[in-house]
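Peer 1: Sequence first, then the predicted structure, then my questions.
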Amino acid sequence: MNVVCFYLLPVLGLLVSGVSLCPVDEAINQKIQKDSSSLIRETMRGLHLDCRSVTSRGDLASCPAGFAVTSCTCGSACGSWDIRAETTCHCQCSGMDWTGARCCRRCLESLPAQCMLDINQKFPYQVLRPDLIAAHKML
């Protein structure tokens, strides 16, 4: 009899481990998820992108201070380009007549005329990729 109980204990353990959380734990988890997602939405609601296009003659186009390159375009049907130092587009074809860059920076919505430079202290700087900002396409 003791041997049978000994072998049934692991089976009982497996059954107990599959039991879902009690209602209090589920309620706490739901509250945490709801509050954290609303905080994220509230934080992101105040941010927007300030973007502009820059073109120049030759094979380089640089963004203004505080902006990051989000995409590049090249003249003479050149499709080969790279981004240098996160702020400059470089067209790789020889004899390039012009180069364009789409430049963006993050801004606080409450201050649309000026973007706060210290916003990067709260949100670490990252290059904004074209596939992440489809709404701001190259003009």
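Peer 2: In hand now; what should we look at?
Peer 1: tell me what the host helix or strand of C104 is packed against?
Peer 2: Taking DSSP states H and E as the criterion, C104 maps to strand 98-108. Under the contact criterion of 3 or more CB pairs under 8 Å, 6 or more residues apart in numbering; DSSP states H and E, strand 98-108 touches strand 47-57, strand 60-62, strand 68-74, strand 88-91, helix 119-122. Yep, even glycine has a C-beta here, placed from its N, CA and C like the rest.
Peer 1: Doesn't E26 lie inside a strand?
Peer 2: No: assignment of E26 by DSSP: H, G, I helix; E, B strand; the rest coil gives helix, placing it outside any strand.
Peer 1: how far away is it from A101?
Peer 2: Per CB to CB, to the nearest Å, E26 is found 50 Å from A101.
Peer 1: So between those two, which is more surrounded?
Peer 2: Counted by other CB atoms under 10 Å, E26 and A101 do not tie: A101 has more neighbours, with 27 against 11.
Peer 1: Which residues are in contact with the more buried one?
Peer 2: When contacts are counted by CB atoms under 8 Å, 6 or more residues apart in numbering, A101 touches S53, V54, T55, A61, S62, C63, V69, S71, C72, T73, T88, C89.
Peer 1: I'd like the helices and strands packed on strand 98-108 as TSV, with mean neighbour count, mean pLDDT and distance to C22 appended.
Peer 2: Putting the helices and strands packed on strand 98-108 into TSV (neighbours: other CB atoms under 10 Å; pLDDT from 0 to 100; distance: least, CB to CB, whole Å) gives the following:
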stretch	mean neighbour count	mean pLDDT	distance to C22
strand 47-57	15	86	39
strand 60-62	19	94	59
strand 68-74	22	91	48
strand 88-91	22	94	57
helix 119-122	12	40	38
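Peer 1: For these, could you give me CSV that also reports distance to D82?
Peer 2: Formatted as CSV, those follow (distance: least, CB to CB, whole Å):
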stretch, distance to D82
strand 47-57, 16
strand 60-62, 11
strand 68-74, 8
strand 88-91, 5
helix 119-122, 23
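Peer 1: Among these, which comes closest to R105?
Peer 2: strand 47-57 (5.3 Å; CB to CB).
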